[in-house]
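A.B. asks: The following comprises the amino acid sequence and a computationally predicted model.
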Amino acid sequence: GAAAARGARGLRFAPVAPNTADQVTVPAGYTQNVVIRWGEPILRGAPAFNPDKQTAAAQAGQFGYNNDFLSLLPLPGEPGRQVLVANHEYTDETLMFRGYDPENPTREQAEIAWAAHGLSVVVVQEEARSGKLTAVTRHPLNRRLTATGEFRLTGPAAGSDLLKTSADPTGTKVLGTLNNCAGGTTPWGTTLHGEENFNQYFANGSSATDKRYGIGTGATERKWERFDKRFDAKQEPNESHRFGWVVELDPYDPDSTPRKHTALGRFKHEAAQPRLTEDGRPVVYMGDDERFDYFYKFVSSKRMKKGTSRAVREHNLSLLDEGTLYVAKLTGDSPAAEVDGTGKLPNDGEFDGSGVWIPLATGDVSHVPGMTADEVYVFTRLAADKVGATKMDRPEDVEPSPRTGRVYVALTNNSQRGTAGKPGVDEANPRVKNKHGQILELAEHWDDPASDGFAWRLFLVAGDPEDPATYFAGYPKEKVSPISCPDNVAFDPHGNLWISTDGNQLGSHDGLFGVATHGERRGELKQFLTVPVGAETCGPIIQDRRVLVAVQHPGEVDGATVEKPASAWPDGPGKLVRPSVVAVYRKDGGNIGV
Ligand code: FEO
Ligand code: CA
Ligand code: CA
Ligand code: CA
């Protein structure tokens, strides 16, 4: 209709109104299918999902829990097929197991949860002339990586004493990956996966560094330390140092050992998205998702090679092992008195300014006084504390625009900004008790990703557009959708930015939005979908014909259990609530938003 016809190219759909429906709500003229659910078998020999007969062995061959980041890679030679890679951030035992007793988890439940963490590789098949996507079970590329399989630490800190444990005196061989949140796709055909809130899996933390990373001093919620002593920091103080990295996976080689890249630093990695310098060196942008933590980049000293031979792929898998790790310091250009904490724009009309990239370490050389290079990589947060980096409002996902090179950083929220004993506002984080978050737009000097300085401005200051403390790149507010808590970001083929949310504070469910970043409609934000009760919208991918989202933790509401579910998604009443990947596409088979 007429409403659907308006908007920037790629965003011509009738916006979905804020709502609390227990479903994925999509625009008029669009439809959807569940691509894959938690527990569906993907490996040869894996059984069909049976909620009452879950085993660790079954789960290790089935799609994992709480899908988050998604990547779709081409699959040459197999028409209509692509390779889907998914993160499985964490488990929600009370929604997985009937009669779960949080005080007394069984070994079997812990082992199922280990197998439900990690990553999945699943080949998917398009339906002809449609955006519909279905999983190809038992494809030879399909793979599960869990909390117990083998990973290799690479880069300058690999083998460091700080990474050795009694089970691994080499400091290079880690069992498993944990809390994979967002990620990235590299131009050389691999995927990156951020290990985020790894602290929650480790009990009995005691050191100052444990504290800085949020490792608690007592038992953990899941109590895995009862079943494997490596999760007890008192017995294995270095095991937690082996998590909190960016993982790189080669989805085209099912026998490859994924790498944890020490050169990219250790923190609560939300995401890692590379772009190339003019001479072909990757630069990776990364957020540390914690209130008052930092925004980083890594600049490789090695050039990407083109091609798919084994030698080329091996070379490219080492690109993120050599280079310099930086942290961002941002300075506003308006007088501090004009940034009063309410969100009112300064007199120059923008929250904006300049920034510098402060080097932390290059290879084996530390740039931080009083810290060795190994310490900078393993305790990156402390290094950034020392050099005076800017404390941000939860830097989450980040995405460079493939069109303009500008980098977009989602800053989800920060309820503690400007409260007693906490850092006050600054021009990049301008609201006290920031409930709704903002999106920062960063332009490297001379558009060179390896530059040591940049300009920045806030592109969106989120919230209800009727709230004067919001900003939509100057676009008329009566024409935009309300948005709260931006988290994951992605670009569509037209150069529009798509934003998914986590923790909507405006009374609606979380959702997915698209917004033009250039041209007359820059700032025109439109809601594309909403997700079911308790869910977060993750992993958006926007292709010509489909939008793919990971519906994470549906039904996650205080007090909800398998017996007393808060949601009936996706399979209706009486069935387990299951995190799932959903494809949304036009009923007439046309392209998204045109
Ligand atoms: Fe796992 Fe920062 O969201
Ligand atoms: Ca996230
Ligand atoms: Ca300003
Ligand atoms: Ca989040």
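C.D. replies: Everything's here; your move. Ligands and ions are numbered 1, 2, ... in the order given.
A.B. asks: quick one, what contacts the spatially closest residue to A48 that is not a sequence neighbour?
C.D. replies: Nearest in space to A48, with sequence neighbours left out and distances taken as Cβ to Cβ, 6 or more residues apart in numbering, is P41 at 6.2 Å. All C-beta spots, glycine's among them, are computed from the backbone N, C-alpha and C. Under the criterion of Cβ atoms under 8 Å, 6 or more residues apart in numbering, the neighbours of P41 are P47, A48, F49, G61, Q62, T137, R138.
A.B. asks: One more: P430?
C.D. replies: Listed by Cβ under 8 Å, 6+ apart, the contact set of P430 reads V339, G341, G343, F351, Q438, L458, V461.
A.B. asks: Mind checking what secondary structure E108 has?
C.D. replies: Assigned state for E108: helix (three-state reduction, DSSP: H, G, I helix; E, B strand; the rest coil).
A.B. asks: That one against A57, yeah?
C.D. replies: No - when contacts are counted by Cβ atoms under 8 Å, E108 is not listed as touching A57 (10.3 Å).
A.B. asks: coming back round to it: turn the contacts of P430 into a markdown table, columns for distance to ligand 2, pLDDT and secondary structure.
C.D. replies: Listed next are those as a markdown table, based on distance: Cβ to the ion, whole Å; pLDDT from 0 to 100; DSSP: H, G, I helix; E, B strand; the rest coil:
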| residue | distance to ligand 2 | pLDDT | secondary structure |
| --- | --- | --- | --- |
| V339 | 27 | 97 | coil |
| G341 | 26 | 97 | coil |
| G343 | 23 | 95 | coil |
| F351 | 23 | 98 | coil |
| Q438 | 16 | 98 | strand |
| L458 | 20 | 98 | strand |
| V461 | 20 | 98 | strand |
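A.B. asks: In a markdown table: the residues you listed, plus distance to Q273 and neighbour count.
C.D. replies: Written out in a markdown table, the entries for those read as follows (distance: Cβ to Cβ, whole Å; neighbours: other Cβ atoms under 10 Å):
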| residue | distance to Q273 | neighbour count |
| --- | --- | --- |
| V339 | 29 | 22 |
| G341 | 31 | 15 |
| G343 | 28 | 22 |
| F351 | 23 | 27 |
| Q438 | 18 | 28 |
| L458 | 19 | 23 |
| V461 | 22 | 22 |
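A.B. asks: can I assume A473 is in contact with G523?
C.D. replies: Yes - counting by Cβ under 8 Å, G523 is a contact partner of A473 at 3.1 Å.
A.B. asks: related to what we said a few turns ago, farthest-apart pair in the contacts of P41, please.
C.D. replies: When the contacts of P41 are compared pair by pair using Cβ to Cβ, the two farthest from each other are F49 and R138, 15.1 Å apart.
A.B. asks: what about these two, which has more around it?
C.D. replies: Between F49 and R138, counted using other Cβ atoms under 10 Å, F49 has the larger neighbour count: 18 against 14.
A.B. asks: Report the set of residues contacting both of A473 and G523.
C.D. replies: Shared between the contact lists of A473 and G523 (criterion: Cβ under 8 Å, 6+ apart) are residues F459, L460, V515.
A.B. asks: Can you tell me which of these comes closest to ligand 1?
C.D. replies: Taking Cβ to the nearest ligand atom as the measure, L460 is the one of those closest to ligand 1, at 17.8 Å.
A.B. asks: Any figure for the gap between the closest one and ligand 2?
C.D. replies: According to Cβ to the ion, to the nearest Å, L460 and ligand 2 sit 17 Å apart.
A.B. asks: what do you get for E524?
C.D. replies: According to Cβ to the ion, E524 stands 25 Å off from ligand 2.
A.B. asks: Restricted to buried residues, select the contacts of P41 in ChimeraX.
C.D. replies: Applying 16 or more other Cβ atoms under 10 Å to the contacts of P41, the buried members can be selected in ChimeraX as follows:
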select :49,61,62,137
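A.B. asks: Ligand 3 contacts on the stretch 351-500 of the chain?
C.D. replies: Taking Cβ under 5 Å from the ion as the measure of proximity, the stretch 351-500 of the chain contacts ligand 3 at D352.
A.B. asks: Would you map the strands across the stretch 351-500 of the chain?
C.D. replies: Remark: strands of the stretch 351-500 of the chain, listed N- to C-terminal, are 352-362, 365-366, 392-393, 395-400, 407-411, 438-444, 453-461, 471-472, 486-491, 497-501; assignment by DSSP state E, counting those that start in this stretch.
A.B. asks: List the neighbouring strands of the third one plus their orientation.
C.D. replies: What that stands for is strand 392-393. strand 291-293 (antiparallel) (DSSP bridges).
A.B. asks: Which residues of the chain lie near ligand 1?
C.D. replies: The chain comes close to ligand 1 at residues E89, C181, E196, E270, D289, E396, as judged by Cβ under 6 Å from any ligand atom.
A.B. asks: Pretty sure R259 sits against H193.
C.D. replies: No - using Cβ under 8 Å as the test, R259 is too far from H193 to be in contact (10.6 Å).
A.B. asks: what is in contact with those two at once?
C.D. replies: Here R259 and H193 have V247, E248 as joint contacts, going by Cβ under 8 Å, 6+ apart.
A.B. asks: Neighbour count for the two, which is higher?
C.D. replies: H193 (32 against 23).
A.B. asks: quick one: contacts for I112?
C.D. replies: Residues touching I112, when contacts are defined by Cβ under 8 Å, 6+ apart, comprise Q54, T55, A56, Q59, M96, F97.
A.B. asks: neighbour count winner among A473 and G523?
C.D. replies: A473 (22 against 19).
A.B. asks: Starting from D352, give me the distance back to that one.
C.D. replies: In this structure, A473 and D352 are 12 Å apart, going by Cβ to Cβ, to the nearest Å.
A.B. asks: In terms of pLDDT, where does A5 sit?
C.D. replies: The per-residue pLDDT reported for A5 equals 60.
A.B. asks: Please disregard the earlier target; I meant G61.
C.D. replies: Looking at G61, its pLDDT reads 98.
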